[in-house]
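Chemist: Curious how this folds, go ahead:
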Amino acid sequence: MAKKKASPSSKRIKRSYGSKLIWQGNYLSEEKLKHADELAPSAEQILEFFMQAVDAGIDIKTSWDDYSECYQATAIGAWEGYPSAGYAVSARSNRDCADALVLVWYKVAVMADGDLSSLPTEKQVDKMRG
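Modeler: Residues are numbered from 1 along each chain as shown. Below is the predicted model:
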């Protein structure tokens, strides 16, 4: 399949490799983990999520994390001019790679409604307590 050439008006600009990221939603409470399990998407829904993420300027990657000895999925707002640019979330799972993807889906699609910048920072969450 031949790749379409992008028109100049649709050319994306990737954030530079050294650009800092603001990591959001790093920890899920037991309640949110249970909610993620209840809403867990099918394989088809995960594929649809990947396609929507690409259109929203979010890169998603899965890998093995040697340090934590588990699977990790990351979602990074990697493209300039998109709402999630400069923001990121990650999810880890000892179960399998699919579970890490479900958790990153939950953070992006459910908690952030597709916009990683909408999640409160850990500092903001701390200020909401008490």
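
Chemist: C-alpha from now on. contacts and neighbour counts both.
Modeler: Will do.

Chemist: residues in contact with the helix or strand hosting K32?
Modeler: In the assignment (DSSP states H and E), K32 maps to helix 30-39. Contacting residues not belonging to helix 30-39 are listed as 102-103, 106 [C-alpha atoms under 8 Å, 6 or more residues apart in numbering].

Chemist: what's the average pLDDT for that helix?
Modeler: Averaging pLDDT along helix 30-39 yields 96.

Chemist: would you put the C-alpha positions of it in PDB?
Modeler: Taking C-alpha atoms only, helix 30-39 is exported to PDB below (Å, rounded to 0.1, in the frame of the first residue of the first chain):
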ATOM      1  CA  GLU A  30      -7.900   0.300  44.200                       C
ATOM      2  CA  GLU A  31     -11.200   1.800  43.300                       C
ATOM      3  CA  LYS A  32     -10.000   3.100  39.900                       C
ATOM      4  CA  LEU A  33      -8.200  -0.200  39.200                       C
ATOM      5  CA  LYS A  34     -11.500  -2.000  39.800                       C
ATOM      6  CA  HIS A  35     -13.300   0.500  37.600                       C
ATOM      7  CA  ALA A  36     -10.700  -0.100  34.800                       C
ATOM      8  CA  ASP A  37     -11.300  -3.900  35.100                       C
ATOM      9  CA  GLU A  38     -15.100  -3.300  34.800                       C
ATOM     10  CA  LEU A  39     -14.700  -1.100  31.700                       C
END
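
Chemist: Use 8 as the first number from now on
Modeler: Happy to do that; since the first residue is 8 now, the last one works out to helix 37-46.

Chemist: Next secondary structure after it?
Modeler: helix 50-62.

Chemist: neighbours around F56, how many?
Modeler: Using other C-alpha atoms under 10 Å, F56 has 17 neighbouring residues.

Chemist: Report the beta-bridge partners for the most centrally placed residue in the chain.
Modeler: Centroid-nearest residue in the chain, with C-alpha atoms, centre = their mean: A82, separated by 2.8 Å. On the basis of DSSP bridges, A82 is bridged to I67, V96.

Chemist: show me the contacts for it.
Modeler: So A82 contacts 65-68, 95-97, 111, 115 (C-alpha under 8 Å, 6+ apart).
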